[in-house]
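Novice: this is a predicted model, with the sequence first.
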Number of protein chains: 2
Amino acid sequence: MTVQKTSADLYQDYTARMQQIADVRNSVSILGWDQETYLPEKGAEFRGRQITTLSTISHELSTSPALGDLLQELKSRQDLDDVQRRNVELSAEDFEKQRKYPSSFVAELSTASNAAYHAWIKSRKEKDFSVFEPLLAKMVELKKKEADILGYTGHPYDALLNEYEKGADVSMLDAIFRDVRQSLHPLLQQIALQTPPDKKFLNRLYPKDQQWQFGIDILKAMGYDFGAGRQDVSEHPFTTSFNPLDVRVTTRIDEQDLGNMTWSCIHEGGHALYEQGLPVEQYGLPCGEAASLGIHESQSRLWENNVGRSLIFWQKHYGHLQGLFRANLQAVPIMDFYKAINQVQPSLIRTEADELTYHFHIMIRYEIEKGLIGGDLQTKDLRDIWNQYYLDFLNVKVTDDMHGVLQDIHWSHGAFGYFPTYSLGSFYAAQFFSAARKQITGLDSAIADGRYNGLLLWLRDNIHRHGRYYTSNELCEKVTGEKLNFKHFMAYAQEKYGKMYNLGV
Amino acid sequence: MTVQKTSADLYQDYTARMQQIADVRNSVSILGWDQETYLPEKGAEFRGRQITTLSTISHELSTSPALGDLLQELKSRQDLDDVQRRNVELSAEDFEKQRKYPSSFVAELSTASNAAYHAWIKSRKEKDFSVFEPLLAKMVELKKKEADILGYTGHPYDALLNEYEKGADVSMLDAIFRDVRQSLHPLLQQIALQTPPDKKFLNRLYPKDQQWQFGIDILKAMGYDFGAGRQDVSEHPFTTSFNPLDVRVTTRIDEQDLGNMTWSCIHEGGHALYEQGLPVEQYGLPCGEAASLGIHESQSRLWENNVGRSLIFWQKHYGHLQGLFRANLQAVPIMDFYKAINQVQPSLIRTEADELTYHFHIMIRYEIEKGLIGGDLQTKDLRDIWNQYYLDFLNVKVTDDMHGVLQDIHWSHGAFGYFPTYSLGSFYAAQFFSAARKQITGLDSAIADGRYNGLLLWLRDNIHRHGRYYTSNELCEKVTGEKLNFKHFMAYAQEKYGKMYNLGV
């Protein structure tokens, strides 16, 4: 006689399995954090194999038939509550997706990606795209295959986009980037006619220790909990979470560039506040995870741009900054500082771009990825296409491949479909921030006063606490009353730069 | 038709399995290192569960029937080389031992140990042994059961001793501690008649940064490779290794006590040199592991005591130290410094004891453990027995349980049989060092000159590179020509303290 297990028992089994997987996956993240911060140089090779071993174990646990059976059984149960049902539904989706990949394909992709990464490094050293090109071609071939494995109804690129931002597809992104070209481009042209601000003072000597202290102060002011996190230094700033009670950020300090540390602190701080705000009781389960990459990026961009690059933000903090770097900033009025940190200037490097031209960098990558995966573009033509796009959309001439088609690491890892989430994040951020300003009484004056608690609680309540319960689209509609709409970003840009330059837009 | 696998193939399977287990176990160590150095306070609970999950996975892999079968098959193969045969033999031994534990017993021990640890904390807070006593009684009961599970031929305590130091047993330790009482005790009595050195200057203000720098300088001088390791700060100093190319030490700095940092650096540095010297190509296999706890401790003690507390060592480094702490040390002649760091003074706390009285602290614990596991002593009488022993052997009166029977964490973890390895380590160290002085031409003058490379190479060649290939006993005999013999420690002590105090011994 088989005694049927209760749904509560089954759900507990499921939770235990998911939390075990989370423990292993988070251990990989801890090893990764250590790798980027404190690992002695000779330890790199062994660290690589330790991470591979744990990742393999995590993959095996995530695709075990026993978990699959459990999820099937739980899906048939009618007595789960809403959050439980949603967790099971999402886990089953993740499980099915994981199971789609033949292990031979995973191995092939891993090998090709490793080779492509090293070719990319070499290619950059030699400043010559042609070293990387054949390996990139292989990656594109494999990513097309992956699109077939995952399946799609419209464009094959949709399958890859969906991996990073569920629900995003070519028709949605085509429309958004058309808006970018049609609305943002004219604003850029207007700004280009203005006298550019002087920003040389941002590149004077800013000693490390004071920069570090300023970053910590800003993170504390934002509400980042140092009891449940820490900041360290790494070559590339990042945020990593091992659970909501241990969310770490890193920064990079360039003594000749105040902006490097400042924007990385606020940006990573925004990511970290999201992770610290995820529901801890949902540890290991989908509702304890971030909604999507785009929503994650919206949290970093909202703090970095909508808050951190605003005039009212610096009304609070500029005095402190001047006090720390008296020789550099005492003679610089706040309006000059504000204009300098918001200079709009088409450039070659995405990661150094201002908040407006940035989206043309992303659009270019989007068009290229779509073309490669759709078969309309070939990697051998990529350098020319890249350079032409930069000339057409940003009016800048690419000087060499390092500052052109070789600048991003993403394609060498096979991360096709990732770039658009950066723009989506900014656009979500503008829409969320606009809603917050309507819904939170006195938000502007709170920010001018350095009080971010109201904003943080609003983000916690409207976004963070839901985890993956809602998709990006659902969440956006629930919080702002409408689907993602580029006009909010445009309105933000027009208001800000219109005022700054008296454009009368 | 079954095709028989070649021994080479089987050995490769075995290696792959062992290295996978090592990756998981070393990941646990990385999580543990982070826990003691950088973990944000709120992250402690999740870290606990992440460590438990990985430990469970490691245990499952270590006891998998497939590994057992593989080891059985390999043991029957005649075409393995010496090191391969030894690896298989030791792995099979480890495997059999692991399999002896019923999982119900492991769970019971883990629960009891957790409860005992918390009771020990509480007991210390209340300075009252009776809070801890019933939980200690439970631990003793379980450790007796463990001795039965493991099996023994002589005393049941032998089974537990063997867990920490293979080959150590009651008859060997009874003989050694009899020597300690008979030979070391008279020397202590002679020293007690001398005027004690002034050591107040060691407790002046020694600023943190300079202490840190001095510690780093000493570690570098010893030959510790900072490219394959690092030093950080933790509450209790320790050494941890993730592989021979990533071996980390920690220290603790007390600005009112120069000794705290100095001795922990040299001691942990000695452990770390051993780990850095293990053969990296044997990663994950027994011959890539330390021979035993006693041998491990011999490496830390040799550097800490035989080298680090010698007059010739400070002939090189005292000038540097005086330069860093001019106000404190300029007026202190080197002989006064040397006598101060070597003051022999019976005391209550093991970890603060000098290198001679230390072994009476260990002997007391040894006698108590032997009595408890053998059934001749009961935990309810432990406080009285402890206090009586301290009066009899060290002539000190225990003031309260915190400074008495509650001072060590070991029993709360169930680590019965561990303490003796501390003394064994010191005695091995003296014997190894005596051999090194005979075998290395000009060792004393090299040390006086700050050149430790000859000594390090000798240790690498004679001890480190062998891993677990030899047992402690075999290794000792191979290196020094005889089994462990207390007379070497005694000779070291008599020579050093005889000279220091003109004892004419």
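Specialist: Looks like it arrived, so ask away.

Novice: tell me if I'm right that A:F416 and A:I373 touch.
Specialist: Yes: under the criterion of C-beta atoms under 8 Å, A:F416 makes contact with A:I373 at 6.2 Å. In this view, the C-beta of every residue, glycine as well, is placed from N, C-alpha and C.

Novice: quick check: neighbours shared by those two?
Specialist: Residues touching both A:F416 and A:I373 (C-beta atoms under 8 Å, 6 or more residues apart in numbering or on different chains) are A:V140, A:K143, A:Y157, A:L160.

Novice: count the neighbours of the closest residue to A:K380 other than its chain neighbours for me.
Specialist: Take A:K380 and drop its neighbours on the chain: the residue closest to it by C-beta to C-beta, 6 or more residues apart in numbering or on different chains is A:E133, 6.2 Å away. By other C-beta atoms under 10 Å in any protein chain shown, 19 other residues sit near A:E133.

Novice: I'd guess A:E133 is in a helix, am I close?
Specialist: Yes: under DSSP: H, G, I helix; E, B strand; the rest coil, A:E133 sits within a helix.

Novice: and the closest residue to A:N342 other than its chain neighbours, its phi and psi?
Specialist: Spatial nearest neighbour of A:N342, chain neighbours left out: A:R309 (5.7 Å); criterion: C-beta to C-beta, 6+ apart. Main-chain torsions, A:R309, degrees, to the nearest 10: phi -100, psi 20.

Novice: A:T262 versus A:R309, what's the distance?
Specialist: Distance, A:R309 to A:T262, by C-beta to C-beta, to the nearest Å: 10 Å.

Novice: those two: who's more crowded?
Specialist: A direct count of neighbours by other C-beta under 10 Å for A:R309 and A:T262 places A:T262 higher, at 23 against 19.

Novice: ranges for the strands of chain A?
Specialist: A:231-233, A:239-243, A:246-251 (DSSP state E).

Novice: in terms of secondary structure, what does the shortest one contact?
Specialist: Other elements packing on strand A:231-233 under the criterion 3 or more C-beta pairs under 8 Å, 6 or more residues apart in numbering or on different chains; DSSP states H and E are helix A:208-222, strand A:246-251.

Novice: next, format those as TSV and append distance to A:R47.
Specialist: Below are the helices and strands packed on strand A:231-233 laid out as TSV (distance: least, C-beta to C-beta, whole Å):
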stretch	distance to A:R47
helix A:208-222	26
strand A:246-251	17
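
Novice: nearest to chain B, of those?
Specialist: strand A:246-251 (3.3 Å; C-beta to the nearest C-beta).

Novice: what residues does the stretch 151-300 of chain A have near chain B?
Specialist: A:225-230, A:232, A:242-243, A:245-246, A:248, A:283 (C-beta under 8 Å from any C-beta of the partner chain).

Novice: can you add neighbour count and give those back as JSON lines?
Specialist: Putting these into JSON lines (neighbours: other C-beta atoms under 10 Å in any protein chain shown) gives the following:
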{"residue": "A:D225", "neighbour count": "17"}
{"residue": "A:F226", "neighbour count": "13"}
{"residue": "A:G227", "neighbour count": "11"}
{"residue": "A:A228", "neighbour count": "21"}
{"residue": "A:G229", "neighbour count": "26"}
{"residue": "A:R230", "neighbour count": "18"}
{"residue": "A:D232", "neighbour count": "14"}
{"residue": "A:F242", "neighbour count": "27"}
{"residue": "A:N243", "neighbour count": "25"}
{"residue": "A:L245", "neighbour count": "21"}
{"residue": "A:D246", "neighbour count": "29"}
{"residue": "A:R248", "neighbour count": "24"}
{"residue": "A:Y283", "neighbour count": "20"}
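
Novice: ok, which pair from the residues you listed is furthest apart?
Specialist: Greatest spacing in those, by C-beta to C-beta: A:D232 and A:Y283 (23.5 Å).

Novice: ends of stretch A:277-288, what's the gap?
Specialist: Its start and end residues considered, stretch A:277-288 measures 10 Å (C-alpha to C-alpha, to the nearest Å).

Novice: that one - what's its average pLDDT?
Specialist: For stretch A:277-288, mean pLDDT rounds to 98.

Novice: how far out from the middle of the chain is it?
Specialist: Chain-centre distance of stretch A:277-288: 19 Å, with C-alpha atoms, centre = their mean, to the nearest Å.

Novice: touching it from outside, list them.
Specialist: Here stretch A:277-288 has contacts from A:15, A:18-23, A:83, A:86-87, A:90-91, A:94, A:241, A:243-245, A:289-290, A:456, A:459-460, A:463-469, B:46, using C-beta under 8 Å, 6+ apart.

Novice: for chain B, what are the nearby residues on the stretch 401-505 of chain A?
Specialist: Within the stretch 401-505 of chain A, no position is near chain B by C-beta under 8 Å from any C-beta.

Novice: in the stretch 401-505 of chain A, where is pLDDT below threshold?
Specialist: For the stretch 401-505 of chain A, the stretches with pLDDT under 70 are A:505.

Novice: and the lowest-mean-pLDDT helix or strand in chain A, which residues are buried?
Specialist: The helix or strand of chain A with the poorest confidence is helix A:103-125; it has a mean of 91 (mean pLDDT, DSSP states H and E). Within helix A:103-125, the residues scored as buried using 16 or more other C-beta atoms under 10 Å in any protein chain shown are A:L109, A:A112, A:S113, A:A116, A:Y117, A:A119, A:W120, A:S123, A:R124.
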